[in-house]
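**Q** Prediction below, plus the sequence it came from.
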Amino acid sequence: MLLDLKINNFAIIEDLKISFKKGLNILSGETGAGKSILIDALSVILGGKASVNMIRSGSSKFSLEAVFDIKKQLELKEVLFESGLENEEDLLFIKRDFSLEGRGRSFINATQIPLGKLKEITDFLVEIHGQNEHQSISKVAKHRILLDRFAKNLELLAKLKEVYKKFQAIKKEQERREVNEEEINRKKEYNSFVVEEIEKANLSLQEEENLNQESIFLANKEKIFWEVNQSSQLLKNEEGLITNLKRVEKKVSSIASFDKEVETFLEKIREALYLLEEVSSFFKGYEENINFSAERRDQVEERLALIASLKKKYGSTINDILNFQLKAAQELEEISGNKEELQKLKKEKETVLMKAEDLSLALSEQRLKAGLTLEKRVMEELQDLGMGGSLFKVEIQKKNHPQGEIEKEGKKFLLSSSGLDQVEFFISTNKGEDLKQLRQIVSGGEMSRIMLALKNVLLASDWVESLIFDEVDAGIGGKVAEIVGKKLKRLAKDRQVMVITHLPQIAAMSDHHLYVKKTVVKDRTTTEVKNLSAEEKVKEIARMLAGEKITDLSLKHAQEMISLASKI
């Protein structure tokens with residue numbers, strides 16, 4: 001619901017703030033006072049077209065601000081949350097400015113947003129009916145939503161949405177698996193080669209490190225043999241370390257009993273002798289086992305070359321190579337089971353499609369019934385509003401398509417999360433004329449009354465809380481004007497309705513009355529808006545009845561009209 005509107009340097013308006021309330025808000029005033037400018041300003045802040053011609057003469061830019069109460073707007077709050085636009089205390093702040101350079105900016109809750117996002121959000125807030133572009137009900141995309149709300153199809157739609165979501169997931173998985181045969185064969189051949197090549201290599205995790213060590217050994221085996229052999233000789237020959245150390249041990253042993261300190265060192269000599277015997281024994285065995293085979297050296301180098309070749313193809317380590325083999329084997333298994341899985345997905349998709357078809361056809365049936373009821377009730381409303389020759393039609397069609405998912409009576413139809421139907425409202429405002437789309441209605445007065453009729457019928461189904469009717473009184477008077485006023489009054493019981501009117505029959509129905517007038521301040525014309533008191537409202541209705549010369553009779557008539565309106 002619109003709470004406040006601030007207008008700065010827009011058209012002839014210099015600086016203006018208007019407060020609105022729930023119920024029927026009437027805007028009246030003399031012709032040319034600026035009532036249409038207020039509608040233009042509101043249209044622009046809702047995302048309508050802006051131009052430099054709208055900037056007040058002598059100013060560099062215009063600025064528009066609006067505050068909305070959105071506590072009942074649950075769908076809008078969800079859109080705001082998904083868009084990352086926080087709101088506090090259930091209030092929504094919108095600002096839009098436009099400069100002489102042709103640059104405009106739009107803000108929601110102090111966050112700058114694209115114009116497209118502004119329009120998406122404001123579609124939930126306000127509808128302006130008249131010669132104005134911001135009429136969401138004239139947008140074909142909204143017609144199916146309104147019909148479904150009118151038909152109370154929300155539960156069915158929620159079920160279909162879940163089934164459709166599942167269908168899309170199955171379809172996506174099916175498409176992922178349905179690659180062409182050539183690609184399948186290529187993948188199969190490649191993965192088979194990979195698995196076979198790596199399996200044939202028979203790798204182990206520590207093999208490369210061990211082979212590198214062996215390669216170094218084999219490259220230096222002659223030097224190793226020579227040094228080991230010389231070391232053995234130095235230890236074991238007649239003048240070697242062990243022979244001489246044995247001699248030392250024998251001599252020290254003969255005197256050890258004479259001195260405890262010498263006895264201690266005798267033990268150390270024996271320990272050293274034991275260690276040298278162990279080293280000598282190791283060298284003897286090591287020397288005997290040294291392999292001088294050139295064949296083994298070639299084997300090691302070939303093995304290392306094979307590992308290097310596999311590393312270039314499949315990874316920087318043996319672990320990487322083995323993991324590559326595992327992945328290739330898994331893909332081979334998946335390819336092998338692809339046909340079975342596709343068959344399974346096909347059956348699952350058929351089952352889900354059957355559910356979707358049942359729900360879609362049930363929705364279609366509900367829509368057809370509701371559409372007939374809606375047509376009848378709207379035409380009854382139009383009859384009351386002085387448009388008795390009008391014909392209102394709810395057209396429901398299924399979209400025929402060669403790739404449609406649902407087949408019925410030899411035809412294929414496209415499935416969506418809302419079913420199979422495309423819904424659009426059509427109208428003929430004069431008997432014998434062809435039906436037209438709502439957006440093709442040229443007359444602002446006709447458009448306003450058509451929308452009033454629709455709004456009264458769809459009252460409980462609509463989500464927009466603020467409605468503005470411009471020119472709703474065009475071409476009517478007397479009894480029809482009174483009926484229009486009553487219908488506006490009824491419409492305003494549960495929401496906010498703003499009406500620009502010249503008719504006292506409509507103005508008398510107001511819950512709040514705003515008077516728009518043009519004034520001159522410092523030799524500049526501007527528009528002012530005043531909230532009328534009860535007494536001022538009587539005078540304004542009297543002016544609308546009698547003109548500028550207000551008589552006692554017109555005052556009495558005005559009071560009577562207001563009194564009767566209060567009882568509705």
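**A** Arrived safely.
**Q** Tell me which helix or strand the spatially closest residue to residue 393 that is not a sequence neighbour sits in.
**A** Distances taken as C-beta to C-beta, 6 or more residues apart in numbering place residue 426 nearest to residue 393, at 4.4 Å, with adjacent residues excluded. Bear in mind the C-beta positions are built from the backbone N, C-alpha and C, glycine included. Assigned by DSSP states H and E, residue 426 belongs to strand 421-428.
**Q** For that strand, the averaged confidence score.
**A** If you average the pLDDT over strand 421-428, you get 93.
**Q** thinking again about what came up before, what residues are up against the residue nearest to residue 393?
**A** 392, 393, 394, 395, 435, 436, 437, 438 (C-beta atoms under 8 Å, 6 or more residues apart in numbering).
**Q** Tally up the residues packed near the fourth one, please.
**A** Residues within reach of residue 395, counting by other C-beta atoms under 10 Å, total 14.
**Q** Where do the domain boundaries of the chain fall?
**A** Following automatic domain parsing, the chain resolves into domains at 1-125+464-568, 184-336.
**Q** Turn these into CSV, including mean neighbour count.
**A** Below are the domains of the chain laid out as CSV (neighbours: other C-beta atoms under 10 Å):
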stretch, mean neighbour count
domain 1-125+464-568, 18
domain 184-336, 14
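**Q** Just tell me which of these ends up closest to residue 386.
**A** domain 1-125+464-568 (3.8 Å; C-beta to C-beta).
**Q** hey, least reliable of the domains of the chain by pLDDT?
**A** Lowest mean pLDDT within these: domain 184-336, a mean of 84.
**Q** gap between that domain and the chain center?
**A** Centre-to-centre, domain 184-336 and its host chain are 63 Å apart (C-alpha atoms, centre = their mean, to the nearest Å).
**Q** first vs last residue of it, how far apart are they?
**A** Using C-alpha to C-alpha, to the nearest Å, the end-to-end distance of domain 184-336 comes out at 10 Å.
**Q** Save the domains of the chain as TSV, and put in distance to residue 164 too.
**A** Below are the domains of the chain laid out as TSV (distance: least, C-beta to C-beta, whole Å):
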stretch	distance to residue 164
domain 1-125+464-568	19
domain 184-336	28
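**Q** nearest to residue 355, of these?
**A** Comparing the domains of the chain by C-beta to C-beta, domain 1-125+464-568 comes nearest, at 26.2 Å.
**Q** would you list the contacts of residue 426 in CSV and tack on pLDDT, secondary structure and distance to residue 258?
**A** Formatted as CSV, these follow (pLDDT from 0 to 100; DSSP: H, G, I helix; E, B strand; the rest coil; distance: C-beta to C-beta, whole Å):
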residue, pLDDT, secondary structure, distance to residue 258
392, 93, strand, 136
393, 95, strand, 135
394, 95, strand, 130
395, 95, strand, 130
435, 92, coil, 137
436, 89, strand, 136
437, 88, strand, 130
438, 81, helix, 130
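**Q** what's the longest helix in the chain?
**A** helix 338-384 (DSSP state H).
**Q** That one versus strand 421-428: what angle between them?
**A** 20 degrees (axes from the mean of the first three to the mean of the last three C-alpha atoms, to 10 degrees).
**Q** Packing partners of helix 338-384?
**A** When contacts are defined as 3 or more C-beta pairs under 8 Å, 6 or more residues apart in numbering; DSSP states H and E, helix 338-384 packs onto helix 140-150, helix 154-177, strand 391-398, strand 406-408, strand 421-428, helix 444-457, helix 478-491.
**Q** in the longest one, what's buried?
**A** I take that to be helix 154-177. By 16 or more other C-beta atoms under 10 Å, the buried positions in helix 154-177 come out as 156, 157, 159, 160, 163, 164, 166, 167, 170, 174, 177.
**Q** And for residue 111, nearest residue in space, chain neighbours not counted?
**A** residue 85 (5.8 Å).
**Q** for residue 262, that is, sorry about that
**A** Here the residue nearest residue 262, using C-beta to C-beta, 6+ apart, is residue 256, at 5.2 Å.
**Q** Regarding that neighbour, what is its secondary structure?
**A** helix (DSSP: H, G, I helix; E, B strand; the rest coil).
**Q** Would you mind measuring from it to residue 218?
**A** Distance, residue 256 to residue 218, using C-beta to C-beta, to the nearest Å: 48 Å.
**Q** now swap in residue 498 and tell me
**A** From residue 498 to residue 218 the distance is 98 Å (C-beta to C-beta).
**Q** How about residue 457?
**A** 97 Å.
**Q** now do residue 351
**A** 67 Å.
**Q** before we move on, back to that, who does the residue nearest to residue 393 form a beta bridge with?
**A** Under the criterion DSSP bridges, residue 426 forms beta bridges with residue 393, residue 437.
**Q** which stretch of helix or strand covers residue 296?
**A** helix 294-314.
**Q** got the angle between the helix or strand following that helix and helix 338-384?
**A** Elements were assigned by DSSP H and E; along the chain past helix 294-314, the next helix or strand is helix 318-336. Comparing the axes of helix 318-336 and helix 338-384 via the same axes, to 10 degrees yields an angle of 60 degrees.
**Q** before we move on, back to that, in CSV, list the helices and strands packed on helix 338-384 along with distance to residue 542.
**A** Putting the helices and strands packed on helix 338-384 into CSV (distance: least, C-beta to C-beta, whole Å) gives the following:
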stretch, distance to residue 542
helix 140-150, 40
helix 154-177, 48
strand 391-398, 37
strand 406-408, 63
strand 421-428, 37
helix 444-457, 25
helix 478-491, 16
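**Q** what's the spacing between residue 80 and residue 90?
**A** 11 Å.
**Q** What does the pLDDT read for residue 135?
**A** The model's pLDDT for residue 135 equals 56.
**Q** ranges for the helices of the stretch 451-568 of the chain?
**A** 478-491, 504-507, 534-546, 552-566 (DSSP state H, counting those that start in this stretch).
**Q** who wins for proximity to residue 59 among those helices?
**A** Once the helices of the stretch 451-568 of the chain are compared by C-beta to C-beta, helix 534-546 is nearest, at 31.1 Å.
**Q** name the helices or strands packed onto that closest one?
**A** helix 504-507, strand 512-521, helix 552-566.
**Q** Check what contacts that helix and list those residues.
**A** Contacts of helix 534-546 (C-beta under 8 Å, 6+ apart): 28, 502-504, 507-508, 510, 513, 515, 530, 532, 550-551, 553-555, 557-559, 561-562.
**Q** now swap in stretch 294-309 and tell me
**A** Contacts for stretch 294-309 (C-beta under 8 Å, 6+ apart): 201, 203, 207, 208, 211, 212, 214, 215, 218, 219, 318.
**Q** and what of stretch 370-378?
**A** Under C-beta under 8 Å, 6+ apart, the answer for stretch 370-378 is 147, 150-151, 153, 392-394, 396, 423, 453-454, 457-458.
**Q** Return the member of the residues you listed nearest to residue 332.
**A** For the contacts of stretch 370-378, the nearest to residue 332 is residue 153 (49.0 Å; C-beta to C-beta).
**Q** Next one: the closest one from residue 559, what distance?
**A** Counting by C-beta to C-beta - residue 153 and residue 559 are separated by 47 Å.
**Q** can you pull the contacts of residue 404?
**A** Residue 404 neighbours (C-beta under 8 Å, 6+ apart): 411, 412, 413, 414, 415.
**Q** for the helix or strand hosting the second one, packing partners?
**A** Taking DSSP H and E as the definition, residue 412 sits inside strand 411-413. Counting contacts by 3+ C-beta pairs under 8 Å, 6+ apart, the secondary-structure elements packed against strand 411-413 are strand 406-408.
**Q** and for the strand it packs on, what are the contacting residues?
**A** 353, 356, 357, 360, 412, 413, 414, 415, 420.
**Q** just checking, the fourth one touches residue 414?
**A** Which is residue 360. No - proximity of residue 360 to residue 414 does not meet the contact threshold set by C-beta atoms under 8 Å, at 10.5 Å.
**Q** Among these two, which residue is more densely surrounded?
**A** Taking other C-beta under 10 Å, residue 360 and residue 414 do not tie; residue 360 has more neighbours (26 against 15).
**Q** That's all I had, so thanks and see you.
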